[in-house]
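**Q** Starting from these lines, generate the structure:
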Amino acid sequence: MAADEAMLETASERGVASLRFYTWSKPTLSLGYFQASGGRQPPDSLIVEENQGANAPRSPLPVVRRATGGAAILHHRELTYALALPEGKAWHSRESWICRFHHLLRDVLAESGIAAHLVVCGEERKLGDVLCFLHQTPGDLLVNGSKVAGSAQRKLKGALLQHGSILLSRSEFAPMLPGINDMSGCEPFTPERLADALASRFAAQPNDWTAEETERIAAIRAAKYANPAWNEKR
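**A** The predicted model follows:
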């Protein structure tokens with residue numbers, strides 16, 4: 001999360017666009033920036049209990065608060081991406097980048113024979129209160145009626161950070177949420193395979209973090225994302 005925020009600063013201050021894909025070292029819950037933590041204890045864990053049925057697994061997970069909005073996301077057996085773009089017409093169009101990115105993902109899935117559908121206005125559904133993937137809002141990507149991709153944004157002086165999660169397989173911490181591989185019947189997508197397929201849609205080249213960005217990542221992490229006061233601020 002600190003690295004993603006550093007990307008946003010680079011986009012705002014230096015006009016550099018960045019796209020990053022990653023996975024998580026352990027199952028983790030990320031809260032949206034404005035989402036209430038619920039005052040749960042201990043402060044570094046949260047119970048995922050939004051399952052229909054009395055036998056739902058209830059297990060404490062590490063929790064971090066995102067810089068972007070939206071509801072809680074369970075990062076487990078999924079691919080997370082961060083897209084940071086400078087301001088200006090060269091980087092933005094009338095179409096939201098949430099829809100643009102999800103269209104790219106839809107095309108990647110279609111090449112493997114997986115039909116996906118973007119939610120449009122009038123098709124919204126709220127199937128739960130806490131987890132993002134139980135909220136189906138315009139721009140979200142569905143497979144067989146289940147949400148498999150959701151994204152949220154934050155802006156800084158006209159620059160844009162877009163976070164997104166792509167659900168690959170069902171997690172035991174949220175068994176009501178099937179992933180792409182659970183519904184496709186095709187060769188399973190690994191995070192690496194999907195990241196490569198999506199990255200190929202962009203005119204991009206691999207690059208390392210600058211020394212300045214590395215310093216900023218450490219500073220942002222210490223001030224925010226590794227700080228219980230930030231994660232429990234609401």
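
**Q** From here on, just use CA atoms for contacts and neighbour counts.
**A** Fine.

**Q** So V148: helix, strand or coil?
**A** Put simply, V148 is strand when judged by DSSP: H, G, I helix; E, B strand; the rest coil.

**Q** okay, now it: neighbour count?
**A** Burial of V148, expressed as a neighbour count using other C-alpha atoms under 10 Å, amounts to 23.

**Q** Longest helix in this protein, by number of residues?
**A** Ranked by residue count, the top helix of the chain under DSSP state H comes out as helix 97-111.

**Q** For the helix or strand following that one, give me every contacting residue.
**A** Next in sequence after helix 97-111, counting helices and strands by DSSP states H and E, comes strand 117-118. With C-alpha atoms under 8 Å, 6 or more residues apart in numbering as the contact definition, strand 117-118 has outside contacts at C99, H102, H103, R106, P138, G139, D140, L141, L142, V143.

**Q** Just among the residues you listed, which is most surrounded?
**A** Using other C-alpha under 10 Å as the neighbour criterion, L141 leads these with 26 neighbours.

**Q** Please work out how many residues are found near the closest residue to that one other than its chain neighbours.
**A** On the basis of C-alpha to C-alpha, 6 or more residues apart in numbering, the spatially nearest residue to L141 that is not a chain neighbour turns out to be L118, at 4.6 Å. For L118, the tally of surrounding residues (other C-alpha under 10 Å) stands at 20.

**Q** Just want to check the distance between K157 and S171.
**A** Shown here: K157 relative to S171, a distance of 37 Å by C-alpha to C-alpha, to the nearest Å.

**Q** Can you find the helix or strand in this protein with the smallest mean pLDDT?
**A** The weakest-scoring helix or strand in the chain, judged by mean pLDDT, DSSP states H and E, is strand 45-47 (a mean of 45).

**Q** Quick one: low-confidence residue ranges for the protein.
**A** In the predicted model of the chain, residues 38-59 satisfy pLDDT under 70.

**Q** one more time with 90, if that's ok
**A** Per-residue confidence of the chain (counting by pLDDT under 90) places the weak regions at 34-61, 69-71, 89-90, 94-95, 121-122, 124, 126-131, 184-187, 203-207, 231-234.

**Q** In contact with N181, which residues are there?
**A** When contacts are counted by C-alpha under 8 Å, 6+ apart, N181 is found next to L168, S169, E187, P188, F189.

**Q** I meant T10, not that one.
**A** If a contact means C-alpha under 8 Å, 6+ apart, then T10 has V16, A17, E213 as its contacts.

**Q** tell me which element it is part of?
**A** Using DSSP H and E, T10 maps to helix 2-14.
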